[in-house]
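Trainee: next input, structure requested:
(2 chains)
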2 protein chains.
Amino acid sequence: MDDLAALARELDANDVLGGFRGRFAIDGDTIYLDGNSLGRPTIDSADVVGNVIDRWTRDLVEGWEVWIDLGTRIGDRLAPLIGASAGEVAVCDQTSVNLFKLASAALDVRASESRTSIVTDAGNFPSDLYVLQAVASARGGDLRVLDADPTVDEIAAAVDETVGMVALTHVSYRSGAMFDGAAVTAAVHAHGALMLWDLSHSAGAVPVELDEWGADLAVGCTYKYLNGGPGAPGYLFVASRHHAVLRQPIEGWFGHADQFGFRSAYEPADDIRRFMVGTPPILSMAAVEAGVAVTSEAGMGAIRAKGIRLSDVFLDAVDRLTEKHELSVITPRDPAARGSHVAVRTGNAYQLSQALRSRGVIVDFRAPDVIRFGFAPLYTTFEEVTRSVAVLESILESGAHLAFPSGRAGVT
Amino acid sequence: MDDLAALARELDANDVLGGFRGRFAIDGDTIYLDGNSLGRPTIDSADVVGNVIDRWTRDLVEGWEVWIDLGTRIGDRLAPLIGASAGEVAVCDQTSVNLFKLASAALDVRASESRTSIVTDAGNFPSDLYVLQAVASARGGDLRVLDADPTVDEIAAAVDETVGMVALTHVSYRSGAMFDGAAVTAAVHAHGALMLWDLSHSAGAVPVELDEWGADLAVGCTYKYLNGGPGAPGYLFVASRHHAVLRQPIEGWFGHADQFGFRSAYEPADDIRRFMVGTPPILSMAAVEAGVAVTSEAGMGAIRAKGIRLSDVFLDAVDRLTEKHELSVITPRDPAARGSHVAVRTGNAYQLSQALRSRGVIVDFRAPDVIRFGFAPLYTTFEEVTRSVAVLESILESGAHLAFPSGRAGVT
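Mentor: All right, here's what the predicted structure looks like:
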């Protein structure tokens, strides 16, 4: 693999994003290929979180003059990263709560046409499947789960006159396959349903053009490629054309047209705030802002270009192993059809992931037989990619992984 | 007021909680009487939040081995402070989201008896009123809003055979009046409804005995007397006898019986986790744990005793002003019928609150004519209380507040 190592050194030397690695707090020489589960901390995150504690200490309740609109302020910074306009995105709640709110709002507005079912695919996050199932059932509809990674035609065929919404995760957390956002959205609209995208594995990793696609709704988390911190609040997107019509069921004071009027009756704000509920957790929100800022500075074009190149180098290196070892890449080869992680299917996947970890390569095991290798362009180097494959090869050659116990799963 | 100042010095000298002020980060000599809106930061909060960032930097995704059960772990520490048992409390989501989940679960289980309405009072948080109204309406019921601070008999009389639940805020955010938790819960049960308490203005300030009262459900925030930080996650309580029966509508992976099994169908956990939804914001959660820890160390008995004494000293001092100035205390005099803040009604209340603030006394204005003086026993001194009244008196004597502009509200 000497030629690949040399290539990696060259790519790192010419990496236009090379300087961004220095914007992250990195402790030790672990090769971290799980930024698609939890991104690394930005250096700024310690400062901005410290600033919140300082302001809390100094300004006490008056700190709210700065914090009160943090959800829409970060939303406006995040919007360009997902092809949305200012005023269409808010950072608030957890992803599952946001999905519940938007899916409920969508089906409620379609109920008059008896469109109370939802179409999704088996490659969606399990938590999304649970939320969507409950939302559809509560309205007399059902959740129709296509096989994982369906084609545009398969999706379109599933949208009959009882379907109010299609909800898909843009980049599959498992296979790494990426939908054609524009084509899927158009097909879903052509069959009369609304389109909701979960961007958890997309934002900060691949270009997303919600407005250009004509997407109706989206949700996502901020702790993967946006590096917002463990469990950081999620975000939601609602196309501005729907603001006057859609109404979500959790009616709290942050969604009120007159938040500080303390009126007895609820009246939803006429903008994105109507999809918000309550007071946001500011310490966690601050780290999200820092993560979004670094991503914005780098720009999605450069991030995506490097992400594809990182994956290509990995795929080239892994291909050499598949001749001798029982490994298969389940992520699509076409860069336009994949996100920023590559999923490898193999026997003894759990043991292999543990062996990699013991040798300083953190990857992610997905039961029963998949290992995800995630490439976060802002801090992953080409040299880390080739080294990780070299470690993988040496483990496979020696059979060292067979000494590890089997069993157990991880965190998406 | 010299006699009161001398009394204050004596009370501070003998304060068994006097040492706890040193456990808080205090910047300057502002007299902060708004801890019932946002509590001060514990000194530990900077450390524990820093520890999360360190762990995030060092352990990356493996940090979840420590964080994954933080919601129930903090819940178990919080439980004794509100008279609940281990396993009955979880820290998660915002208060309004938790209220939505529990109110929905309660009405869904009562719907078979056509009990789909909710009784509350006008003294409840506006955000609670919005959530409850939406939950009842969605099930064909209505929200019946009694006049603020109703008696037990008035509450009981409102619970007819169409009412599935009574939801009240134990200590009114506005008047400071406190319900008799045991008596109200018993009366509500006698009329066939479930009882839900919002403890936002209670936990960490007054004794709460949920299990002893026989309460069914409770929610609360952690950023007031529990000092968890701006917008810190809320908590929920469900009496263990209801765990097998109640089911909330936002079905996410943190509520699944087999969270890491990634199954396609949702199956609720058989314990308190079934009321949780998604990944919690760990930076904010950590500060909650620090706040709960300091409160636990002090103990609710000592906290409540000092809270009553602080309020009494304040009431004695303010009483002397009411002879000359147009002020009236709207908080009940009986310590058993009030929480840990005192609400004063007065003309020019907003201007007065601004004048107090300009002289280093932070209080809270509630439109149109109320000022709240909050006494957080862990860090408020008796001397601060008497000094605040002396400042109030000098403003009233001079009419200095009339120079301030009128208008605007604040954050609950």
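
Trainee: mean confidence score for the top helix by length along chain A?
Mentor: Under DSSP state H, the helix in chain A containing the largest number of residues is helix A:300-322. In this model, helix A:300-322 has a mean pLDDT of 97.

Trainee: can you tell me the SS state at the residue lying farthest from the centre of chain A?
Mentor: Distance from the C-alpha centroid of chain A, by Cα atoms, centre = their mean, peaks at A:S264 (37.6 Å). Three-state call for A:S264 (DSSP: H, G, I helix; E, B strand; the rest coil): coil.

Trainee: spatially, what comes nearest to it if we skip its sequence neighbours?
Mentor: Spatially, and ignoring its direct neighbours in sequence, A:S264 is nearest to B:L129 (5.8 Å; Cβ to Cβ, 6 or more residues apart in numbering or on different chains). For the C-beta atoms, the positions are set from N, CA and C on the backbone; glycine is no exception.

Trainee: pLDDT wise, what is the one you found at?
Mentor: Per-residue pLDDT puts B:L129 at 97.

Trainee: identify the residues contacting it.
Mentor: Residues near B:L129 by Cβ atoms under 8 Å, 6 or more residues apart in numbering or on different chains: A:S264, A:A265, A:Y266, B:T120, B:L143, B:V145.

Trainee: for the longest helix of chain A, list every residue counted as buried.
Mentor: Neighbour counts over helix A:300-322 (16 or more other Cβ atoms under 10 Å in any protein chain shown) mark A:300, A:303-304, A:306-318, A:321 as buried.

Trainee: tell me the helices and strands packed up against it.
Mentor: helix A:2-13, strand A:327-329, strand A:341-346, helix A:382-398 (3 or more Cβ pairs under 8 Å, 6 or more residues apart in numbering or on different chains; DSSP states H and E).

Trainee: so what strands line up beside the second one?
Mentor: Each strand paired with strand A:327-329, and its direction, by DSSP bridges: strand A:341-346 (antiparallel).

Trainee: skip ahead from the strand it pairs with and say which helix or strand is next.
Mentor: helix A:349-358 (DSSP states H and E).

Trainee: quick one: list the elements packing against that next one.
Mentor: If you count contacts as 3+ Cβ pairs under 8 Å, 6+ apart, helix A:349-358 packs onto strand A:364-366, strand A:370-374, helix A:382-398.

Trainee: please repeat the previous calculation with a cut-off of 6 Å.
Mentor: strand A:364-366, strand A:370-374 (3 or more Cβ pairs under 6 Å, 6 or more residues apart in numbering or on different chains; DSSP states H and E).

Trainee: now for the shortest one, which elements pack on it?
Mentor: In terms of contacts (3+ Cβ pairs under 6 Å, 6+ apart), strand A:364-366 is packed against helix A:349-358.

Trainee: now the helix it packs on: average pLDDT?
Mentor: Rounded mean pLDDT across helix A:349-358 is 96.

Trainee: repeat for stretch A:53-70
Mentor: Mean predicted lDDT for stretch A:53-70 stands at 97.

Trainee: can you point out the buried residues in that stretch?
Mentor: Quick answer for stretch A:53-70 (16+ other Cβ under 10 Å): A:53, A:55-57, A:59-64, A:67-68, A:70.

Trainee: filter the residues you listed by proximity to chain B?
Mentor: A:I53, A:W56, A:T57, A:L60, A:V61, A:W64, A:W67 (Cβ under 6 Å from any Cβ of the partner chain).

Trainee: and A:W197, which of the three is it?
Mentor: strand.

Trainee: burial of it, as a residue count?
Mentor: 27 (other Cβ atoms under 10 Å in any protein chain shown).

Trainee: comparing the helices and strands packed on helix A:349-358, which yields the minimum mean pLDDT?
Mentor: Lowest mean pLDDT of those: strand A:364-366, a mean of 93.
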